[in-house]
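>>> Could you work out the structure for the sequence below:
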Amino acid sequence: MSTTERPRILVVGGGYVGLYAARRILKKMRYGEATVTVVDPRSYMTYQPFLPEAAAGSISPRHVVVPLRRVLPKAEVLTGRVTSIDQDRQVATVAPHVGSAYEVPFDYLVVALGAVSRTFPIPGLAEQGIGMKGVEEAIGLRNHVLEQMDKADSTTDEEIRRKALTFVFVGGGFAGAETIGEVEDLARDATRYYPSIKPADLRFLLVDVADRILPEVGPKLGEWGLEHLKQRGIEVHLKTSLTSCVDGHVVLSDGTEVDSNTLVWTAGVKPNPALAEFGLPLGPRGHVDTEPTLQVKGTTHIWSAGDNAQVPDLASRAAGVENAWCPPNAQHALRQAKVLGDNVISGLRGFPQQEYKHASMGAVAGLGLRKGVAMIKLGPLSFRFRGRLGWYLHRGYHGMAVPTWNRKIRVFADWTLGLFLKREVVSLGAMEHPREEFHEAAAPVPAARPVERRESDGAGRVKEKSTAKAG
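Numbers count the residues shown, from 1 in each chain. As a prediction, this is how the structure comes out:
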């Protein structure tokens with residue numbers, strides 16, 4: 001860690017806002033003007049819109065993440081968690097993965113912890129659920145789905161096969177609809193390599209408490225997406241909630257009951273609960289309460305943005321929508337990060353702060369290979385696209401939005417190879433426990449048990465004889 005006397009700008013979180021804000025600060029900062037320190041439990045930023053495609057094998061998992069130390073070579077990157085913040089002393093307590101916790105002083109603070117999966121106390125959910133917030137979960141889901149197909153192809157027990165080939169997804173927003181679309185594509189393609197499994201044997205269910213899916217792209221495209229999924233044989237249960245999933249027995253509020261080894265949970269997000277230990281003003285749902293300048297209310301040296309912040313949506317309020325807040329999506333996070341970075345530099349130099357104001361440019365979503373929807377806004381006009389064209393717009397937008405040209409080129413290379421090569425359908429589930437085989441080989445071999453051999457004594461009587469050797 002640096003021991004210089006320069007002002008320290010501490011960035012808590014290395015996600016969208018943390019990474020982009022730190023890059024902006026380093027770009028605008030004069031040499032030696034301040035020290036930028038980024039703290040995150042992971043040494044990389046995950047581009048979450050690509051997680052469904054990573055789960056389907058369309059993008060290599062390494063191309064979905066951006067290494068912080070490579071992108072921020074002029075910043076200090078600490079791998080650990082900020083567990084508390086003392087605002088009076090202006091120090092943050094960092095708990096590393098190993099070793100004792102230590103304090104990091106700061107002069108300016110950026111809170112960008114992001115969000116975590118929003119869950120409910122549903123019986124069995126903690127034991128059975130699979131999230132989709134990180135690349136580890138996406139790759140784990142891919143391996144899990146293919147392992148279920150391996151299991152079904154290796155048995156004739158219909159109950160085991162039915163449970164293995166039933167896949168339940170809870171949540172009909174971007175994450176849920178895109179993930180089920182991509183994974184259904186993967187599983188259907190994989191049936192070509194399993195002699196005993198036909199596409200009709202697969203059962204996919206999408207569950208949501210709302211009355212429609214993909215609300216982010218508007219009602220018309222959401223309706224098209226719903227009909228499209230139904231045409232692919234996916235069962236959609238709207239206005240329905242998950243009641244229980246103990247031991248894989250899934251019970252829905254509409255009375256549906258199925259047995260499934262796969263339950264993917266994408267039913268929304270909530271601010272990182274660690275915010276409660278930072279002593280910052282929080283909104284009713286746990287978000288950091290900020291001014292339009294992204295400064296935390298009541299402070300002049302702390303900023304926050306992204307999924308963990310409650311940022312006033314000035315564009316919507318100007319259009320007459322009262323108490324509008326910026327939605328937690330990548331489009332706002334990326335743009336908020338740039339304004340936040342500029343405002344930190346302005347605060348460092350004593351200049352006025354800039355307010356964040358951005359009107360939505362639309363939304364895009366992919367529903368599998370060559371299938372997608374897109375709503376593009378150009379001022380007062382909006383244009384809707386669906387099918388193959390919507391899919392092209394989805395890939396084009398996110399392909400250019402992923403940070404660094406290194407990752408852009410790698411992602412487009414993956415997509416280009418996918419046009420000519422068949423999708424990989426191999427499961428690498430053993431990677432989750434790479435030492436298991438070596439551990440078994442290195443474990444002490446148990447002593448052989450004496451084996452009793454039965455012999456006849458020639459008179460029709462059988463006598464026991466031990467084969468164990470005397471020591």
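>>> tell me, how many neighbours does Y108 end up with?
21 (other Cβ atoms under 10 Å). For every residue, glycine as well, the C-beta is placed using N, CA and C.
>>> so what's it closest to, chain neighbours aside?
Closest residue in space to Y108, ignoring its immediate chain neighbours: I9 at 4.6 Å, by Cβ to Cβ, 6 or more residues apart in numbering.
>>> So for the helix or strand the one you found falls within, mean pLDDT?
Using DSSP states H and E, I9 maps to strand 8-12. In this model, strand 8-12 carries a mean pLDDT of 97.
>>> Then stretch 400-408?
When pLDDT is averaged over stretch 400-408, the result is 92.
>>> Could you do stretch 152-160 as well?
Mean per-residue pLDDT for stretch 152-160: 94.
>>> Need the residues that contact that stretch.
K151, R161, A164, L165, Y194, P195, S196, I197, D201, D259 (Cβ atoms under 8 Å, 6 or more residues apart in numbering).
>>> Any figure for the gap between the fourth one and L428?
When you say that, I think you mean L165. Computed as Cβ to Cβ, to the nearest Å, the L165 to L428 distance reads 20 Å.
>>> Which of those two has more residues huddled nearby?
Remark: of L165 and L428, L165 carries more neighbours, 24 against 12, as counted by other Cβ under 10 Å.
>>> The more buried one reaches D201, doesn't it?
Yes: using Cβ atoms under 8 Å, L165 makes contact with D201 at a distance of 5.3 Å.
>>> Could you list the low-pLDDT ranges of this structure?
1-4, 429-433, 447-471 (pLDDT under 70).
>>> center of it, which residue is that?
The centre of the chain sits closest to K133, judged by Cα atoms, centre = their mean, with a distance of 1.7 Å.
>>> what residues are up against that residue?
Q48, L51, A115, V116, S117, V269.
>>> same thing but 7 Å
Counting by Cβ atoms under 7 Å, 6 or more residues apart in numbering, K133 makes contact with V116, S117.
>>> Distance check, the residue nearest to Y108 against A21.
Separation of I9 from A21 (Cβ to Cβ) stands at 9 Å.
>>> Quick check: neighbours shared by these two?
V110.
>>> which residue ranges form the strands in the stretch 101-250 of the chain?
102-105, 108-111, 115-117, 129-130, 166-170, 203-207, 235-237, 242-244, 249-252 (DSSP state E, counting those that start in this stretch).
>>> For P403, which of those is the nearest?
P403 lies closest, by Cβ to Cβ, to one member of these: strand 108-111, at 16.9 Å.
>>> From the contact counts, what lies against that closest one?
Packing partners of strand 108-111 (3 or more Cβ pairs under 7 Å, 6 or more residues apart in numbering; DSSP states H and E): strand 8-12, strand 302-304, helix 330-349.
>>> Select, out of these, the one closest to L78.
Closest of these to L78 is strand 8-12, at 9.6 Å (criterion: Cβ to Cβ).
>>> Got the phi and psi for the residue nearest to the centre of the chain?
Note on K133: its backbone torsions stand at phi -110, psi -20 [degrees, to the nearest 10].
>>> And it, how far from L113?
Distance, K133 to L113, using Cβ to Cβ: 13 Å.
>>> Quick one: the helices in the stretch 201-350 of the chain, in order.
For the stretch 201-350 of the chain, the helices defined by DSSP state H, counting those that start in this stretch cover 219-231, 314-318, 330-349.
>>> wait, the stretch 351-471 of the chain
Shown for the stretch 351-471 of the chain, the helices assigned by DSSP H, counting those that start in this stretch span residues 388-401, 405-420, 436-442.
>>> ok so, going back, can I get the strands of the stretch 101-250 of the chain in TSV with distance to G366?
Listed next are the strands of the stretch 101-250 of the chain as TSV, based on distance: least, Cβ to Cβ, whole Å:
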stretch	distance to G366
strand 102-105	40
strand 108-111	31
strand 115-117	21
strand 129-130	20
strand 166-170	15
strand 203-207	15
strand 235-237	18
strand 242-244	25
strand 249-252	26
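>>> Which of these sits closest to K357?
Closest approach to K357 among the strands of the stretch 101-250 of the chain (Cβ to Cβ): strand 108-111, 19.7 Å.
>>> which residues does the spatially closest residue to P281 that is not a sequence neighbour contact?
Nearest residue to P281, sequence neighbours excluded (Cβ to Cβ, 6+ apart): D289, at 4.5 Å. Contact partners of D289, counting by Cβ under 7 Å, 6+ apart, are P281, L282, G283, K297, Q310.
>>> again with A337
For A337, the contact set (Cβ under 7 Å, 6+ apart) comprises Y16, V17, Y20, A21, R24, A305.
>>> about what we covered before: and of the strands of the stretch 101-250 of the chain, who's closest to K371?
strand 203-207 (14.5 Å).
>>> Check the offset of the closest one from the chain's centre.
Taking Cα atoms, centre = their mean, to the nearest Å, one finds strand 203-207 lying 20 Å from the centre of the chain it belongs to.
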